[in-house]
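>>> return atomic coordinates for the entry below.
(one chain, ligands or ions: 1)
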Amino acid sequence: MANWGMAIDVDRCDGCNACVVACRTENNVPPAGPEQAAIGRTIEWLRVERHVEGEFPNVRVRFVPVMCVHCDEAPCASVCPVSATYETPDGLNAQIHPRCIGTRACAQACPYTVRHFNWGEPSWEAPLEQTINPDVAVRWKGIMEKCTFCVQRIRRAEDTARGDEREVQDGEAQPACAQACPAQAIVFGDLDDPESAVSQQAESPRAERPMEELGTGPRVFYLKEGDWRGSVRPGSSD
Ligand code: SF4
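Next comes the predicted model:
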């Protein structure tokens, strides 16, 4: 069984947001609309943060993609009163949408602010409803949602490999963000495979995990030269 994880090289990321568009399209992330967005009720499984480094005039803007980091010791899981979120044996932080009762306790407990609440029934203006991915359920009003590492793609790769009586090859299971990134800044794979690209990047001296000091055990590694800290901004729709 794989031990899924991700590495993001922020030295490669140029902030193009192709990963964000790919994530929204693959996972049927609904548009909030201008009125809901104006009061902070957007839904984004993946966002690209801007961090300014240095002092004027020698400043540099760095772009940092942020999604659910699939913690090994997830604070969200321990506060959910109905166990709607839990860790799968292969390391994913899963969300059972039909079980969620919408207390939003998980969003308050998550230090990465990557969980979002459906304030309204999702809808897409025509013809955008034709972009809905049939492999992914459209969620409904009153529940939480967040990045799944594109679990539908992982399971499809596993099913294909099982049918061929072999293991999933490195790079075969690709979340939409990793596949779409023109800079190849996002790498996904098996952290237990010493030959996988993600495990080698995770071992890099440039790698660190965001807010690791909290003991959450995030499965996303950020790579960058220098003493940068992979912080995330406070505040979100929830
Ligand atoms: S697609 Fe790649 S380069 Fe563009 S914002 Fe996302 S991670 Fe950065």
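
>>> contacts, neighbours, all on C-alpha from now
Fine.

>>> tell me the mean pLDDT over stretch 22-42?
The average pLDDT within stretch 22-42 is 93.

>>> I should have written stretch 157-174 there, sorry.
Stretch 157-174 shows a mean pLDDT of 97.

>>> does that stretch reach the ligand?
No: judged by Cα under 6 Å from any ligand atom, stretch 157-174 stays clear of the ligand, getting no closer than 13.4 Å.

>>> ends of that stretch, how far apart?
Using Cα to Cα, to the nearest Å, the end-to-end distance of stretch 157-174 comes to 9 Å.

>>> could you give the separation of it from the chain centroid?
21 Å (Cα atoms, centre = their mean, to the nearest Å).

>>> and for stretch 61-72?
7 Å.

>>> can you list the buried residues in that stretch?
By 16 or more other Cα atoms under 10 Å, the buried positions in stretch 61-72 come out as 62, 63, 64, 65, 66, 67, 68, 69, 70, 71, 72.

>>> dump the residues you listed to TSV, plus distance to the ligand, pLDDT and secondary structure.
Formatted as TSV, the buried residues of stretch 61-72 follow (distance: Cα to the nearest ligand atom, whole Å; pLDDT from 0 to 100; DSSP: H, G, I helix; E, B strand; the rest coil):
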residue	distance to the ligand	pLDDT	secondary structure
62	10	91	strand
63	7	95	strand
64	7	96	strand
65	6	98	strand
66	9	97	strand
67	11	98	strand
68	14	98	coil
69	15	98	coil
70	18	98	coil
71	20	97	coil
72	23	96	coil
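
>>> show me the strands in the chain, by range?
Using DSSP state E, the strands assigned to the chain run over residues 4-9, 46-53, 60-67, 85-87, 93-95, 116-117, 144-145, 186-190, 207-208, 220-223.

>>> tell me how far the nearest residue to residue 224 once chain neighbours are set aside lies from the ligand.
Of all residues not flanking residue 224 in the chain, residue 206 sits nearest, at 5.2 Å (Cα to Cα, 6 or more residues apart in numbering). Distance from residue 206 to the ligand, counting by Cα to the nearest ligand atom, to the nearest Å: 17 Å.

>>> next, count neighbours for residue 206.
By the criterion of other Cα atoms under 10 Å, residue 206 has 16 neighbours.

>>> residue contacts, it?
By Cα atoms under 8 Å, 6 or more residues apart in numbering, the contact list for residue 206 reads 222, 223, 224, 225, 226.

>>> list just the nearest of the residues you listed to residue 136.
residue 222 (27.5 Å; Cα to Cα).

>>> spatially nearest residue to that closest one (excluding sequence neighbours)?
Spatial nearest neighbour of residue 222, excluding adjacent residues (Cα to Cα, 6+ apart): residue 8 at 4.9 Å.

>>> in this structure that neighbour contacts residue 189, no?
No: between residue 8 and residue 189 there is no contact under Cα atoms under 8 Å: 12.0 Å.
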